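Enquirer: coordinates for the following, if possible.
(2 chains, ligands or ions: 2)
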Amino acid sequence: MTRQMTGAEMVIQALIDQGVDTIFGYPGGAVLPIYDEIFQQDKINHILVRHEQGAGHAAEGYARSTGKPGVVLVTSGPGATNMVTALTDALMDSIPMVCITGQVPTHLIGTDGFQECDTVGITRPCTKHNWLVQRIEDLPKILHEAFRIATTGRPGPVVVDIPKNIQFQTGTYANFKDQAQTQYKPRVKGDDTAIREAVALMAAAKKPVLYTGGGVVNAGPAASRLLRELVKLTNMPITSTLMGLGAYPASGPNWLGMLGMHGTYEANLAMHDCDVMVCIGARFDDRITGRIDAFSPTSKKIHIDIDPSSINKNVRVDIPIVGDVGYVLEDMIKVWKETQPVQDRAAMTAWWQQVSVWKAKKCLAYRKNADVIMPQYAVERLYQLTKGHDTYITTEVGQHQMWAAQYFGFEEPNRWMTSGGLGTMGYGLPAALGVQIAHPDALVIDIAGDASVQMNIQEMSTAIQYEAPIKVFILNNQYMGMVRQWQQLLHGNRLSHSYTEAMPDFVKLAEAYGAVGIKAERPDELDDAIEEMIRVKRPVIFDCRVANLANCFPMIPSGKAHNEMLLGDASDDEIDTAIGSSGKMLV
Amino acid sequence: MMIVAGQSQSAYFLEETSTVAETHTLSVLVDNEPGVLARVIGLFSGRGYNIESLTVSEVEHEKHLSRITVVTTGTPQVITQIMNQLGRLVPVHRVVNLTKMGEAIERELALVKVAGKGEHRVEALRLAQAFEARTVDATLESFVFELTGTPADIDRFVNLMTECGLVEVARTGLAALARGKMGM
Ligand SMILES: Cc1ncc(C[n+]2csc(CCOP(=O)(O)OP(=O)(O)O)c2C)c(N)n1
Ligand SMILES: [Mg+2]
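Expert: Ligands and ions are numbered 1, 2, ... in the order given. Coordinates of the predicted model:
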């Protein structure tokens, strides 16, 4: 069915046809026709943010917690440039996002018109694809293709830049949902021969490990179920990247904890010593591999990834399988069941014994303190006291993010939203807002740092407006803790500009926004305060004063191998010399 | 495993890899749409790949297809990565490594301007004949020659012309196709 309508109407109609119910946005001159359409309808709920970057991260939180694309609408020029960080963040973490930007009218493009910027030029490297719509005839196809490209294959952000005159023009609209307009067609099914080879290699393994990532979460809840089945079938130990937490439950018997720079001792040593590594929806990022030439030197590697360019990019693998994690896991399980391989029981028992020796190190142990809240303790208590609630966690970036990953246990996918690839301070608060909008009755907590939270604090106002009862739980150490930790490790403890001076009173700040402010300073008052935070059905800023100089361990210093980790009980001397001069060059 | 101690595969340690860089010619079939060349060039500059030569032109008008021929250098692993990264671009239909497919046909066109009198002028004309270059412009004091050949042929010709009053050169960059009956 086709209909005549204006470009602005087409935008709304396409969103409706795509099943979009919520968009995050901020108006301006170049999108006024679209805002006028929003005003005259009630199918799409528009959330007015306070800064376009906030809209972007809110859309990411919405997307990651629902599996649906996040949709953003912003104006030309500064509206578009304010989105760049969120687009880059979504690209790095493979989050499906459709961002619609207004543009000056076509006849003004190139004249340095008011609020003109080269949006497609600026966003080209930070989107999966983008379009400048030059003719009304193209608009319906581009809008629907934008959704197809954002959500299929390796998900990512796209931008559709629509000049204002095209929003006013009338044209013919048709619903092109799921109808390919370009030759883009990602491969989802894995190669059968490769899958069979992989299963045979896995079955013969004496010291296997599953290394999973955000790709499992992106492949949908079914993929996480299949992953759990595969673990049961093979009894392999399993670890995950920061992005993949929750795909396998933290309470599961085969769980090793997170791996990588701040991963557990057992996860990193299992990666180092294994003979077969099965990488599922992860990409051998430098935070994971540590020193690459010493990365898992004796293993054969299987790599399942939907993006062919991830394969052999950083690490050479023996069996690459290009495909959607869900499809490939299903086939692997089928082949495993059909071939009924006999595993080396003795070797597997010995391997698990080795794992328990590593686990006995208790690498996440820390010194408790009766007077000062240790940040690890705060996360542990938060985890214990929120059990049984319908909880979603977002984070900012820094030590608190790593402590959240280490001490909060995730049982299900889509419950953990964090900025992994880009490491964007200011992500967590707007992301929590997006999650809360998607799940109004859930308990949504941003585990925040005192510095990060100030980067998008203005979105508290949005939370108030939409009665989104997000909880901003600040591990307030009065430092940019992660920066301070690196300065201690690398720069002779010269704490250049990492002390957060002139810190606001977060309780008063909460109250100024119309939210609830809670403060806890001593371990013995923490539980009550957390319970109060959970009870309050309004937005909360929780100022949790924690030990100022705690460091985040374990840690693989930059340029070091997995078996060269620093543990929590490492002496200060050891810390000061832990990173060599070549490691200092790395980030 | 191929990983040898001290021979890092990391993007961080690429300069330490001992694998030698090779020169490859890639043929990339793309939708002829605005910005497609910017996407390809942006990918090369953004990820630190080399472009030695790049040509682009529409090759199938009805299908709006252009062919980009790009000559690049890198270790075999980097070349594979470049091909995969190109493959990720939405308007890219196919990427073929012509160098890997055997000896591709590679041609370039150059316009070479020389100016001079007397012996130089005679020598320039003689060399042009020897290289089967066409004279496309002539004045009493100058010539413009048109030469088609492999990049090496053109290099050689241009080098000789420096002795005969070379003024300036324009080169098209490489056009290349695989041998045999199959298309890409
Ligand atoms: C936008 C942005 N700017 C700078 C950084 C670098 N950076 C990483 S962690 C960090 C400090 C974060 O401090 P805080 O939010 O207080 O967290 P803490 O480490 O103290 O838990 C900084 C500045 C970043 N990741 N993002
Ligand atoms: Mg801090």
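Enquirer: ok, now which ones touch residue 131?
Expert: Picking chain A for this. Residues counted as contacts of residue A:131 (C-beta atoms under 8 Å, 6 or more residues apart in numbering or on different chains) are A:120, A:142, A:146, A:158, A:159, A:160, A:161. Glycine gets a C-beta too; all of them are placed from N, C-alpha and C.
Enquirer: that was the other one, I meant chain B.
Expert: Residue B:131 touches B:147, B:149, B:153, B:156, B:157, counting by C-beta under 8 Å, 6+ apart.
Enquirer: before we move on, back to that, pick the one among the contacts of residue A:131 closest to chain B.
Expert: residue A:120 (6.2 Å; C-beta to the nearest C-beta).
Enquirer: coming back round to it: how about the contacts of residue B:131 in TSV, adding secondary structure, neighbour count and pLDDT?
Expert: Listed next are the contacts of residue B:131 as TSV, based on DSSP: H, G, I helix; E, B strand; the rest coil; neighbours: other C-beta atoms under 10 Å in any protein chain shown; pLDDT from 0 to 100:
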residue	secondary structure	neighbour count	pLDDT
B:147	strand	22	98
B:149	strand	18	97
B:153	helix	17	96
B:156	helix	15	97
B:157	helix	20	98
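Enquirer: okay, now the sheet partners of the host helix or strand of residue B:28, with direction.
Expert: Assigned by DSSP states H and E, residue B:28 falls within strand B:22-31. Counting by DSSP bridges, the strands paired with strand B:22-31 are strand B:65-74 (antiparallel), strand B:92-97 (antiparallel).
Enquirer: buried residues in it?
Expert: By neighbour count with 16 or more other C-beta atoms under 10 Å in any protein chain shown, strand B:22-31 contains the buried residues B:24, B:25, B:26, B:27, B:28, B:29, B:30, B:31.
Enquirer: looking at it, the second one is touching residue B:174, isn't it?
Expert: By that I understand residue B:25. Yes - counting by C-beta atoms under 8 Å, residue B:25 touches residue B:174, with 6.6 Å between them.
Enquirer: in TSV: the contacts of residue A:131, plus distance to residue A:318, neighbour count and pLDDT.
Expert: Shown next, in TSV, are the contacts of residue A:131 (distance: C-beta to C-beta, whole Å; neighbours: other C-beta atoms under 10 Å in any protein chain shown; pLDDT from 0 to 100):
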residue	distance to residue A:318	neighbour count	pLDDT
A:120	40	22	98
A:142	41	23	98
A:146	37	28	98
A:158	34	29	98
A:159	38	28	98
A:160	41	25	98
A:161	43	27	98
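Enquirer: ranges for the strands of chain B?
Expert: B:22-31, B:53-60, B:65-74, B:92-97, B:105-115, B:134-138, B:142-149, B:166-171, B:175-177 (DSSP state E).
Enquirer: for residue A:234, find the nearest of those strands.
Expert: strand B:92-97 (36.2 Å; C-beta to C-beta).
Enquirer: so what touches the closest one?
Expert: With contacts defined as C-beta under 8 Å, 6+ apart, strand B:92-97 is touched by A:183, B:24-31, B:40, B:65, B:79, B:83, B:86-87, B:178, B:184.
Enquirer: the same query, at a cut-off of 6 Å, please.
Expert: Contact with strand B:92-97 is made by A:183, B:24, B:26, B:27, B:28, B:29, B:30, B:83, B:86, B:87, B:184, as judged by C-beta atoms under 6 Å, 6 or more residues apart in numbering or on different chains.
Enquirer: among those residues, which one lies nearest to residue B:110?
Expert: Ranked by distance to residue B:110 (C-beta to C-beta), the contacts of strand B:92-97 are led by residue B:27 at 20.9 Å.
Enquirer: not counting sequence-adjacent ones, nearest residue to residue B:47?
Expert: Leaving aside its chain neighbours, residue B:47 sits nearest to residue B:85 (6.5 Å; criterion: C-beta to C-beta, 6 or more residues apart in numbering or on different chains).
Enquirer: and the gap between the one you found and ligand 1?
Expert: 25 Å (C-beta to the nearest ligand atom, to the nearest Å).
Enquirer: got JSON lines for the buried residues of strand B:22-31, with distance to ligand 2 and pLDDT too?
Expert: Shown next, in JSON lines, are the buried residues of strand B:22-31 (distance: C-beta to the ion, whole Å; pLDDT from 0 to 100):
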{"residue": "B:24", "distance to ligand 2": "48", "pLDDT": "96"}
{"residue": "B:25", "distance to ligand 2": "52", "pLDDT": "97"}
{"residue": "B:26", "distance to ligand 2": "47", "pLDDT": "97"}
{"residue": "B:27", "distance to ligand 2": "52", "pLDDT": "97"}
{"residue": "B:28", "distance to ligand 2": "47", "pLDDT": "97"}
{"residue": "B:29", "distance to ligand 2": "51", "pLDDT": "97"}
{"residue": "B:30", "distance to ligand 2": "47", "pLDDT": "97"}
{"residue": "B:31", "distance to ligand 2": "48", "pLDDT": "97"}
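Enquirer: now the two most distant members of the residues you listed.
Expert: That would be B:24 and B:31, which, of these, are the farthest apart (C-beta to C-beta) at 23.1 Å.
Enquirer: before we move on, back to that, the residue nearest to residue B:47 - how many residues pack around it?
Expert: 21 (other C-beta atoms under 10 Å in any protein chain shown).
Enquirer: so it is in contact with residue A:309, correct?
Expert: Yes - Residue B:85 is in contact with residue A:309 according to C-beta atoms under 6 Å; the separation is 5.1 Å.
Enquirer: now do residue 89, the pLDDT please.
Expert: All of this is about chain A. Note for residue A:89: predicted pLDDT of 98.
Enquirer: that was the other one, I meant chain B.
Expert: The per-residue pLDDT reported for residue B:89 equals 97.
Enquirer: relative to residue B:37, how far out is it?
Expert: According to C-beta to C-beta, to the nearest Å, residue B:89 and residue B:37 sit 11 Å apart.
Enquirer: quick one on the thing from earlier: and of the strands paired with strand B:22-31, who's closest to residue A:351?
Expert: strand B:65-74 (38.8 Å).
Enquirer: and the closest residue to residue A:21 other than its chain neighbours, how far from ligand 2?
Expert: What sits nearest to residue A:21 in space, not counting adjacent residues and going by C-beta to C-beta, 6+ apart, is residue A:45, at 6.0 Å. Per C-beta to the ion, to the nearest Å, residue A:45 is found 34 Å from ligand 2.
Enquirer: over to residue A:552?
Expert: According to C-beta to the ion, residue A:552 and ligand 2 sit 11 Å apart.
Enquirer: that residue against residue A:402, yeah?
Expert: Yes - using C-beta under 6 Å, residue A:552 is in contact with residue A:402, at 4.8 Å.
Enquirer: got any residues that touch both of residue B:25 and residue B:174?
Expert: Joint contacts of residue B:25 and residue B:174 (C-beta under 6 Å, 6+ apart) are residue B:71.
Enquirer: what are the buried residues along stretch A:370-379?
Expert: A:372, A:373, A:374, A:375, A:376, A:377, A:378, A:379.
Enquirer: quick one on the thing from earlier: neighbour-wise, which of residue A:552 and residue A:402 wins?
Expert: With neighbours defined as other C-beta under 10 Å, residue A:552 and residue A:402 compare such that residue A:402 has more, 26 against 21.
Enquirer: ok so, going back, who's in contact with the strand holding residue B:28?
Expert: So strand B:22-31 is contacted by B:36, B:64-73, B:79, B:86, B:91-99, B:176 (C-beta under 6 Å, 6+ apart).
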